[in-house]
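> Fold the following and give me the result.
(chains A and B)
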Amino acid sequence: MGDANTETSLQAGLKKSTLHLFLATGAWVGSTALMSFGPNAFWDFDTTLTFLAIAVNLITGGFMLFSFFRHLNNMDELQRQTHLEAMALTLGITMVLTVIYGALPQAKVLVGAQPANVLFVIGISYILSVITLWLRRTSA
Amino acid sequence: MKNRLKVLRADRDWTQADLADRLRVTRQTINAIEKGKYDPSLPLAFKIAALFGLPIEEIFSADTD
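Numbering: from 1, shown residues only, chains lettered A, B, ... in the order given. Just a heads-up that it's a prediction; the model follows:
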């Protein structure tokens, strides 16, 4: 009985922190969209409102960071190590690819490089790293 | 690092899930430790030792032994 409760508390903690992370990430994505498109679409480039949108984006970004940190602490140690190693891999992959991506326009190989594309590299690298590392340790 | 976790668990007729419950980790973590794919942290190793009532060195040993 007590044992079942223990596992439930581990899973319940993870579920709760996952929900918080989901909500915080949603708020950050929403405020990022507002910050990006609001000046043109809603307030005709009013500087005060733009700075307000930036402040909201910074605050929601802080919440997202805090939620992720708490989520990481709610994981069990194998899950946590997997995510930390995935972050290390992601950092390395992103650094190498970003340097190449940044050099391509200077070499006139690529036109219209967008810094935002780095986010895709980060996301894809992180997801693939987590899946690969987790399967390596847990597969039969 | 080698360990006797699987033997000790089987002696008590516990499943991996039972042991995971008692240690507050996931079943996958127990599986990875038993298969030698993951070395537990020192706090978890102490927790395992306390649960089985054995010194750590009777459960875990270096590969070079």
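> ends of stretch B:28-42, how far apart?
Stretch B:28-42 has an end-to-end distance of 18 Å (C-alpha to C-alpha, to the nearest Å).
> Do it and chain A come into contact?
Yes - using C-beta under 8 Å from any C-beta of the partner chain, stretch B:28-42 comes into contact with chain A via B:Gln28, B:Thr29, B:Asn31, B:Ala32, B:Lys37, B:Tyr38, B:Pro40, B:Ser41. Backbone N, C-alpha and C define where each C-beta goes, glycine included.
> Identify the farthest-apart pair in those residues.
Pairwise distances among the residues of stretch B:28-42 next to chain A were taken by C-beta to C-beta; the largest, 16.5 Å, belongs to B:Asn31 and B:Ser41.
> of those two, who's got more company?
Higher neighbour count among B:Asn31 and B:Ser41: B:Asn31, with 22 against 13, using other C-beta atoms under 10 Å in any protein chain shown.
> moving C-terminal of the top helix by length along chain B, what's the next helix or strand?
In chain B, taking DSSP state H as the definition, the longest helix is helix B:42-52. Once helix B:42-52 ends, the next helix or strand along the chain (criterion: DSSP states H and E) is strand B:60-61.
> List, one by one, the residues from chain B near chain A.
So chain B meets chain A at B:17-18, B:20-22, B:24-26, B:28-29, B:31-32, B:37-38, B:40-41, B:44 (C-beta under 8 Å from any C-beta).
> Of these, select the buried ones using a ChimeraX command.
Remark: buried members of these, expressed as a ChimeraX selection using 16 or more other C-beta atoms under 10 Å in any protein chain shown:
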select /B:18,20,21,22,24,25,26,28,29,31,32,38,40,44
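> Out of the residues of chain B next to chain A, name the ones that lie in strands.
For these, not one is inside strands, with DSSP state E as the criterion.
> Sitting in helices, which of the residues of chain B next to chain A do you find?
When DSSP H is applied, those are split such that B:Ala17, B:Asp18, B:Ala20, B:Asp21, B:Arg22, B:Gln28, B:Thr29, B:Asn31, B:Ala32, B:Leu44 fall in helices.
> middle-most residue in chain A, spatially?
Taking C-alpha atoms, centre = their mean as the criterion, A:Gly123 is the residue nearest the geometric centre of chain A, at 7.0 Å.
> name the element that one belongs to?
Going by DSSP H and E, A:Gly123 is part of helix A:117-138.
> can you list contacts of that helix?
A:78-79, A:82-83, A:85-87, A:89-90, A:93-94, A:97-98, A:101, B:28, B:31-32, B:37-38 (C-beta atoms under 8 Å, 6 or more residues apart in numbering or on different chains).
> so B:Arg9 makes contact with B:Gln16?
Yes - B:Arg9 lies in contact with B:Gln16 (C-beta atoms under 8 Å); the separation is 7.3 Å.
> ok, now which ones touch residue 31?
Using chain A here. Contacts for A:Ser31 (C-beta under 8 Å, 6+ apart) come out as A:Ala53, A:Val56, A:Asn57, A:Thr60, A:Gly61.
> that's the wrong chain, I wanted chain B
By C-beta under 8 Å, 6+ apart, the residues touching B:Asn31 are A:Thr138, B:Gln16.
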